[in-house]
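K.L.:
Any chance you could fold what I've pasted below:
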Amino acid sequence: MNIDLLLDKMWKMYTSYTPSANQISKLFNEEITNDHIAFRTFNTEHLSINKQAKFLEQYGYYHGGDYDFKVKKLKAIHLENNDANRPKIFLSELLCEEFSNELQNVVVEISEKTKDISPEELLLGGRKWNIDLDTYNSLAKESEYASWLYIWGFCPNHFTISVNHLENFSSLIEVNDLLKKNNFKLNISGGEIKGSKEELLEQSSILADEMPVFFGNSKQILPSCYYEFAKRYPGKDGKIYQGFVAKSADKIFESTNKKN
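P.N.:
This is a model prediction of the structure:
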């Protein structure tokens with residue numbers, strides 16, 4: 001499988017449970033360039049971001065940066081491609097050992113059920129275990145990230161429109177105005193726009209779509225995935241910044257928080 005096919009599979013999987021993404025793409029009425037794609041996983045040996053990154057090396061991806069999220073107890077890296085026109089990939093993992101024995105036991109069960117998972121399935125395999133509502137609610141009390149991963153499994157968490165490449169919009173303010181005008185709700189944690197020109201990166205996102213999730217015979221409507229928007233600025237060297245800002249990403253993670 002070549003990289004174009006891989007990226008197309010990622011997009012099709014993502015839009016299957018994020019209908020807003022296709023709707024928003026059409027609003028711009030121009031070609032969309034994807035800034036980055038994000039994934040979530042656990043930090044167990046065979047499910048880790050290192051395993052994901054190793055698989056992506058064959059498609060020209062290489063390590064671009066490291067990030068720590070101490071409050072959410074996450075670690076992340078971003079990958080860049082030898083072809084600068086390809087989207088970056090942001091990989092994050094839950095630091096399971098920093099949570100309760102109860103949460104760790106759930107992860108152990110998931111690890112057992114996915115010990116034969118292929119590298120590609122770590123990105124596109126979805127959920128390969130049964131779920132129950134009590135476990136979901138218990139995980140959600142400790143970590144929204146863990147509860148989200150528990151019900152959705154291994155899949156793209158979000159795609160990101162590169163505002164730099166838009167012809168008809170030059171700022172995130174303009175993009176956000178378009179979204180609000182079309183009744184899309186923004187993630188306002190940390191402000192509608194996270195980051196700044198001084199930090200070389202501005203980001204915003206809609207709140208995750210809500211989709212049905214079945215726990216046996218019980219159906220719950222829960223957050224799935226979201227669309228992000230990024231505007232990058234040149235550093236002192238004149239080159240457009242390609243990394244991420246941890247304190248901004250920390251707030252972007254909250255786009256999948258369950259609405260009360």
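K.L.:
what sits against I206?
P.N.:
20, 24, 179, 184-187, 226-227, 255 (Cβ atoms under 8 Å, 6 or more residues apart in numbering). All C-beta atoms are positioned from the backbone trio N, CA, C, and that covers glycine.
K.L.:
how much space between it and F90?
P.N.:
Distance of I206 to F90, given as Cβ to Cβ, to the nearest Å: 17 Å.
K.L.:
where's K72, which helix or strand?
P.N.:
Per DSSP states H and E, K72 falls between elements, in no helix or strand.
K.L.:
Of the contacts of I206, keep whichever come out buried.
P.N.:
Among these, those classed as buried by neighbour count (16 or more other Cβ atoms under 10 Å) are 20, 24, 179, 184, 186-187, 226-227, 255.
K.L.:
Could you tell me which of those residues are located in strands?
P.N.:
Using DSSP state E, the subset of the buried ones among the contacts of I206 located in strands is 226-227.
K.L.:
By pLDDT, give me the weakest of the buried ones among the contacts of I206.
P.N.:
When the buried ones among the contacts of I206 are compared on pLDDT, S255 comes out lowest, with 88.
K.L.:
can you pull the contacts of that residue?
P.N.:
Contact partners of S255, counting by Cβ under 8 Å, 6+ apart, are 158, 187, 205-208, 226, 228.
K.L.:
do K73 as well
P.N.:
94-95, 98-99, 143.
K.L.:
Out of those residues, which is nearest to K75?
P.N.:
L95 (6.1 Å; Cβ to Cβ).
K.L.:
burial measure for M1, as a count.
P.N.:
Residues lying near M1 (other Cβ atoms under 10 Å) number 10.
K.L.:
Q220 too?
P.N.:
By other Cβ under 10 Å, the residues close to Q220 number 15.
K.L.:
With distance to D237 and secondary structure added, can I get the contacts of K73 in a markdown table?
P.N.:
A markdown table is the format used below for those (distance: Cβ to Cβ, whole Å; DSSP: H, G, I helix; E, B strand; the rest coil):
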| residue | distance to D237 | secondary structure |
| --- | --- | --- |
| L94 | 35 | strand |
| L95 | 33 | coil |
| E98 | 37 | helix |
| F99 | 40 | coil |
| S143 | 38 | coil |
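K.L.:
Can you turn the buried part of those residues into a ChimeraX selection?
P.N.:
Only the buried members of the contacts of K73 end up in this ChimeraX selection, burial being decided by 16+ other Cβ under 10 Å:
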select :94,95,99,143
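K.L.:
any idea which of the contacts of K73 is closest to N2?
P.N.:
L94 (31.0 Å).
K.L.:
Quick check: the closest one vs Y226, distance?
P.N.:
19 Å.
K.L.:
next one: L133
P.N.:
23 Å.
K.L.:
got a markdown table for the contacts of I206, with distance to W152 too?
P.N.:
Below are these laid out as a markdown table (distance: Cβ to Cβ, whole Å):
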| residue | distance to W152 |
| --- | --- |
| S20 | 16 |
| I24 | 20 |
| L179 | 23 |
| F184 | 21 |
| K185 | 20 |
| L186 | 22 |
| N187 | 18 |
| Y226 | 12 |
| Y227 | 16 |
| S255 | 13 |
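K.L.:
Report the contact partners of S143.
P.N.:
72-73, 94, 99, 103.
K.L.:
pLDDT and distance to L200 added to these, as JSON lines?
P.N.:
Compiled in JSON lines, the contacts of S143 are given as follows (pLDDT from 0 to 100; distance: Cβ to Cβ, whole Å):
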{"residue": "K72", "pLDDT": "94", "distance to L200": "23"}
{"residue": "K73", "pLDDT": "96", "distance to L200": "26"}
{"residue": "L94", "pLDDT": "98", "distance to L200": "28"}
{"residue": "F99", "pLDDT": "97", "distance to L200": "33"}
{"residue": "L103", "pLDDT": "98", "distance to L200": "35"}
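K.L.:
of these, closest to M13?
P.N.:
L94 (20.9 Å).
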